[in-house]
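S.K.: generate coordinates for the sequence data below:
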Amino acid sequence: MLSRLLRLILLLTLVVLAPLSLDASAQGLGQAPAGLIADQQKILQDLTAKTDNFEKKIDEDGEDDASLVEIRLQLEELSRQSLNSALAFRTRLGEINTRLDQLGPAPAAGQPPEPDIVSGERQALVSEKAEINVVISIAQTLSIRISGLLDKIGNMRSELFRNLLTKRYVLSDALSPQVFSDATEEFGNFYKAVSSWLSFAFRFKFQAIVAATFVALGLALVLLVGGRRLFGRVFEANPAIEDPSYLSRLSVAFWSTLLPTVAVGAFLGSTIFFFNYYNVLRGDIGLFLNALATVIGVVFCVNRLTNAALSPRLPNWRLIPVETGPARWLVRLATAMAVVISFNTFLSVVNDKMGSPLSLTIARSFVATIVVGIILILMSMLRPFKSSDGSWRPWPAWLRYLSLALGLFTIVAALLGYIGLALFVSLQVVVTGTALVTAYIGFLSARAIGEEGAFANTSIGRWLSANSSYEDTALDQFGLVVSIGINLLIVLVFLPLILLMWGFQPGDIQAWGYKLATGINIGSVTISVTGILSGIVIFVIGYFLTRWFQGWLDGSVMARGKVDTGVRNSIRLAVGYAGVALAALVGISAAGIDLSSLALVAGALSLGIGFGLQNVVSNFVSGLILLAERPFKVGDWIVAGDVSGTVKKISVRATEIETFQRQSVILPNSNLINNAVGNWTHRNKLGRIDIRVGVAYGSDVKQVHAVLLDIARSHPLTLKNPEPFVLFSNFGAAALEFEIRVFLADVMNGNIVQNDIRFAVLERFADEHIEIPSTPRAVVEMSKPKAWPTDDDKIEAAFAEQEQARLAAGAEAKRLARPGRKARKPDPD
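M.R.: Numbering: from 1, shown residues only. Predicted structure coming up:
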């Protein structure tokens with residue numbers, strides 16, 4: 001009775017609380033994402049406000065290319081945030097759509113009404129979905145607006161660059177005497193600014209200046225001295241070598257330019273860094289020092305490159321086969337051109353910071369471009385080559401005319417007032433030309449190192465060959481890796497530098513790098529360099545972990561457990577294949593490749609397997625069966641058709657068998673599965689060998705049996721159990737045939753035992769006077785015709801035969817000529 005009462009109370013409780021719980025769950029379902037919608041609305045409001053501010057900045061800073069690039073980077077970040085806001089509802093929308101599908105459509109007119117809780121839940125879900133769609137539409141509208149601003153920035157920057165190159169200035173003001181007074185006043189202001197800073201720095205920041213300078217100098221010395229010690233032969237030209245190889249000259253030219261330039265750049269950069277760290281620099285002096293460091297770096301790099309390529313003091317190390325005098329002039333002219341352009345760049349920074357008159361800026365740029373044009377014309381007029389008759393020859397026509405055209409173009413553009421265009425061309429000739437020549441020398445050096453046998457002849461290759469066990473093949477492969485590394489280094493270093501020289505800003509390179517790293521959309525496919533590299537790295541790590549685990553499992557676990565060699569090989573192969581497959585799957589997933597998108601490829605592969613890859617798949621499956629069933633293992637002696645030998649390797653496609661003649665035979669696994677295979681050492685190496693012996697008729701067979709049995713028992717390798725056995729097998733045609741049968745613990749020693757027993761049989765039969773008959777052979781005597789005598793009888797007999805034949809022919813002719821007999825017609829063909 002009590003139990004019935006309790007059940008009734010429980011039933012009533014469920015009836016009362018069920019609607020409340022369903023209503024609460026429905027309310028929770030509808031109210032759970034309210035905080036998410038509010039958060040994303042607030043985020044989008046903040047993004048919209050920031051976008052408004054950036055739009056105003058675009059109008060205000062429309063003449064500053066660097067500011068436009070910075071605004072573009074920040075707008076791209078806002079675009080990514082708005083996209084993330086829209087994607088934040090993806091999971092919730094999926095849940096809502098799934099729940100609406102479960103609830104089904106509302107009942108039509110005339111149909112029974114649905115419960116209020118179901119209709120209420122459907123209405124709440126539809127309302128929530130509408131709110132989410134509104135937020136998503138706001139995010140999409142904001143993203144479209146930001147894309148429009150990005151396009152506007154791109155158009156403005158293009159217009160700025162065109163104006164820079166095509167703007168024409170009036171030269172009358174720039175060439176007036178007022179310019180000299182402006183220059184004098186500007187120099188005085190610059191001198192006062194620098195001298196005041198120096199007096200302040202030496203009075204209050206002297207220790208910081210000394211510490212920063214010595215730290216930067218130490219860093220540069222570490223790079224320079226360390227580079228000389230590590231790459232001494234590659235770094236410097238050896239005057240003692242009369243005929244250096246082309247690779248050596250390329251390497252010296254490239255590294256003697258790159259490493260010292262990097263050391264100088266490290267010194268200058270670290271000096272400025274530590275000056276800023278110790279608050280030594282103020283705003284204007286910091287700009288001046290940065291510009292001066294750039295000037296020093298460019299001039300030093302150009303001078304090092306021309307000296308390395310032309311080598312005025314060491315003609316045998318010269319890359320370009322010019323004479324010594326012209327080589328010196330080329331070095332001087334190239335360095336002078338770099339000094340002019342770099343000094344003009346430094347003065348432009350000074351003029352911008354100190355608010356110099358426009359006429360002074362035009363005059364400075366005009367003089368610099370005219371000087372660069374004159375230097376280019378002088379370079380084109382040089383005659384650097386000497387003929388065999390002693391006459392001087394000019395540059396090749398294309399190079400001479402190109403240099404002359406660039407020089408004349410720069411001078412003419414400057415005289416016509418296109419100072420920006422002339423300055424741009426001059427800057428590209430010096431800086432971009434230097435970068436391209438250095439990069440080209442580096443590419444040539446990398447290609448020369450990557451050639452077969454070239455790396456082994458370098459100083460590093462000779463050191464590795466002397467201090468390691470690397471063979472020539474390994475050194476060639478290492479040289480190929482070094483070649484690829486040098487090419488990548490050149491691209492990573494010189495490509496951004498060239499882009500910066502052509503008017504691009506660091507922000508442009510940063511944006512491109514971000515797009516390249518995060519993904520490039522080509523149609524519906526997204527290619528991410530970072531994802532691809534991550535996938536490759538994960539696969540390589542997984543591969544080496546698999547190989548390490550294989551070695552540890554085989555050498556530490558199974559070897560100590562005395563596991564059979566064949567079992568160890570099967571387990572090691574299975575672990576290897578599973579590990580590599582797992583690493584490949586994880587690497588593909590890490591690379592961002594959707595495995596579900598490979599379904600079509602898998603279908604095409606299955607179709608190809610069905611038609612063209614039947615044998616390959618059959619061998620693969622057969623290999624898996626062999627590894628699982630293990631009808632034979634590595635080290636077994638098997639007989640497969642005409643092939644007999646030892647199993648050396650079992651893979652998923654084929655099995656390698658080494659015959660006793662040391663010939664490797666590769667048998668497809670399907671042949672070993674579908675055909676009969678004999679295994680002498682399947683369960684163990686116990687085996688029997690048979691030796692046939694024949695004795696002459698009339699021999700005492702009992703004595704022969706006893707002698708053979710004694711020989712078999714006395715051999716140390718024959719087993720006592722099963723004991724040896726001698727069989728009187730047959731009455732042969734020429735001998736009484738016996739057969740010695742002995743068992744061996746290792747059947748692989750069968751040839752040795754057979755050889756020893758045969759020698760023992762010969763010795764014992766000789767002692768016991770037992771004859772071993774040989775097979776009789778029939779002697780056939782060939783009858784030869786008697787030779788004619790060498791006298792005149794042969795001649796007479798031949799004459800008699802000829803006469804007899806002539807008489808017979810005459811008689812036949814008379815018979816055919818009788819009258820009354822018609823001649824017979826010839827038979828038709």
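
S.K.: give me the helices and strands touching the longest helix along the chain, please.
M.R.: Longest helix in the chain by number of residues (criterion: DSSP state H): helix 116-166. Other helices and strands packing on helix 116-166, by 3 or more CB pairs under 8 Å, 6 or more residues apart in numbering; DSSP states H and E, are helix 2-31, helix 34-60, helix 65-87, helix 90-103, helix 419-427. (Glycine included, C-beta is placed from N, CA and C.)

S.K.: comparing the ones you listed by mean pLDDT, which bottoms out?
M.R.: Taking each of these in turn, the one with the lowest mean pLDDT is helix 2-31, at a mean of 41.

S.K.: what ranges does the stretch 701-829 of the chain have for its strands?
M.R.: Listed in chain order, the strands found in the stretch 701-829 of the chain under DSSP state E, counting those that start in this stretch are 725-731, 736-744.

S.K.: A474 is nearest to which of the ones you listed?
M.R.: Between A474 and those, the shortest gap by CB to CB is with strand 736-744, which sits at 44.1 Å.

S.K.: who touches the closest one?
M.R.: 686-697, 699, 701, 704-705, 708, 711-712, 715, 717-719, 722, 724-731, 750, 753, 757 (CB atoms under 8 Å, 6 or more residues apart in numbering).

S.K.: could you give the mean pLDDT of it?
M.R.: Confidence over strand 736-744 (mean pLDDT, whole number) is 92.

S.K.: check stretch 149-167 too.
M.R.: Here stretch 149-167 scores 77 as its mean pLDDT.

S.K.: then stretch 664-677?
M.R.: 85.

S.K.: same thing with stretch 308-328?
M.R.: Stretch 308-328 comes out with an average pLDDT of 83.

S.K.: now the end-to-end length of that stretch.
M.R.: Distances were taken as CA to CA, to the nearest Å; on that basis the terminal residues of stretch 308-328 are 12 Å apart.

S.K.: buried ones in that stretch?
M.R.: Along stretch 308-328, these residues count as buried under the neighbour rule (16 or more other CB atoms under 10 Å): 308-312, 314, 317-319, 322-323, 326-327.

S.K.: looking at the residues you listed, point me to the pair that's furthest apart.
M.R.: A308 and E323 (17.5 Å).

S.K.: got a list of contacts for stretch 330-347?
M.R.: Stretch 330-347 is touched from outside by 288, 291-292, 294-295, 298-299, 302-303, 306-307, 310, 312, 322, 364-365, 368, 371-372, 375-376, 378-379, 382, 384, 423, 426-427, 429-431, 434, with contacts defined as CB under 8 Å, 6+ apart.

S.K.: among those residues, which are in helices?
M.R.: Among the contacts of stretch 330-347, the members falling in helices are 288, 291-292, 294-295, 298-299, 302-303, 306-307, 310, 364-365, 368, 371-372, 375-376, 378-379, 423, 426-427, 434 (criterion: DSSP H).

S.K.: where in the stretch 551-700 of the chain is pLDDT low?
M.R.: Applying pLDDT under 70 to the stretch 551-700 of the chain flags residues 564-567, 592-613.

S.K.: swap in 80 and give it another go.
M.R.: Residues of the stretch 551-700 of the chain meeting the criterion pLDDT under 80: 555-571, 573-574, 588-621, 623-630, 651-653, 682-683.
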